[in-house]
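Enquirer: Everything below, folded, please.
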Amino acid sequence: MSAGTYALLDVLVPFGFSAIGVWAHRAGGARALGALTIATIALLETLAYRDWQRQPATGTPLAAYVLLASLPILAAAWTIRWASRREMPTLAQWLAAGTAGWAAIFPALLIGGYLLR
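Expert: Reported below is the predicted structural model:
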């Protein structure tokens, strides 16, 4: 994928997951949120693996792709659980979780891009 596609996905995925995650948690509790988290990470890691296969031989390690696919989703899911315990309004939960997922992209890039080489 191009850098522009990654930049767009880095914004859309955490906030999209957060919107669905808040709804799932309110409807089915921690179990529903956990199932959604596992399914989302599996989907993103599958897409990351396919993208990793298309890169040149001297590219980024697979561990970096896996970390970038999972860390933001885990951060958003944890934030949804944290926010629900504090009985935050739905919009506030969504914004907090989306922001946490988005902010987790930077440590994932740092760890995956520089420390795993």
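Enquirer: and P56, helix, strand or coil?
Expert: Assigned by DSSP: H, G, I helix; E, B strand; the rest coil, the conformation of P56 is coil.
Enquirer: burial measure for it, as a count.
Expert: 6 (other CB atoms under 10 Å). From N, CA and C alone the C-beta is placed, and that goes for glycine too.
Enquirer: measure it to E45 for me?
Expert: 21 Å (CB to CB, to the nearest Å).
Enquirer: Check W52 too.
Expert: From W52 to E45 the distance is 10 Å (CB to CB).
Enquirer: same deal with A57?
Expert: Taken as CB to CB, the span from A57 to E45 is 21 Å.
Enquirer: which of those two has more neighbours?
Expert: Each of A57 and E45 has its neighbours counted (other CB under 10 Å); E45 has more, 19 against 4.
Enquirer: Work out for me the element that one sits within.
Expert: helix 3-53 (DSSP states H and E).
Enquirer: what pLDDT, on average, does that helix get?
Expert: Helix 3-53 shows a mean pLDDT of 91 in the predicted model.
Enquirer: Residue nearest the middle of the protein, spatially speaking?
Expert: Nearest to the geometric centre of the chain sits I73, at 2.7 Å (CA atoms, centre = their mean).
Enquirer: How many neighbouring residues does P14 have?
Expert: With neighbours defined by other CB under 10 Å, the count for P14 comes to 25.
Enquirer: okay, L110: pLDDT?
Expert: In this prediction, L110 has a pLDDT value of 85.
Enquirer: what's next to the host helix or strand of it, contact-wise?
Expert: Per DSSP H and E, L110 falls inside helix 105-110. With CB atoms under 8 Å, 6 or more residues apart in numbering as the test, helix 105-110 has contacts from D10, P14, L67, L68, L71, P72.
Enquirer: in that helix, what counts as buried?
Expert: I105, A108, L109 (16 or more other CB atoms under 10 Å).
Enquirer: And stretch 88-107, by the same measure?
Expert: Neighbour-count burial for stretch 88-107 [16+ other CB under 10 Å]: 88, 93-102, 104-105.
Enquirer: before we move on, back to that, how about JSON lines for the buried residues of helix 105-110, with distance to W78 added?
Expert: As requested, those are exported to JSON lines (distance: CB to CB, whole Å):
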{"residue": "I105", "distance to W78": "15"}
{"residue": "A108", "distance to W78": "14"}
{"residue": "L109", "distance to W78": "19"}
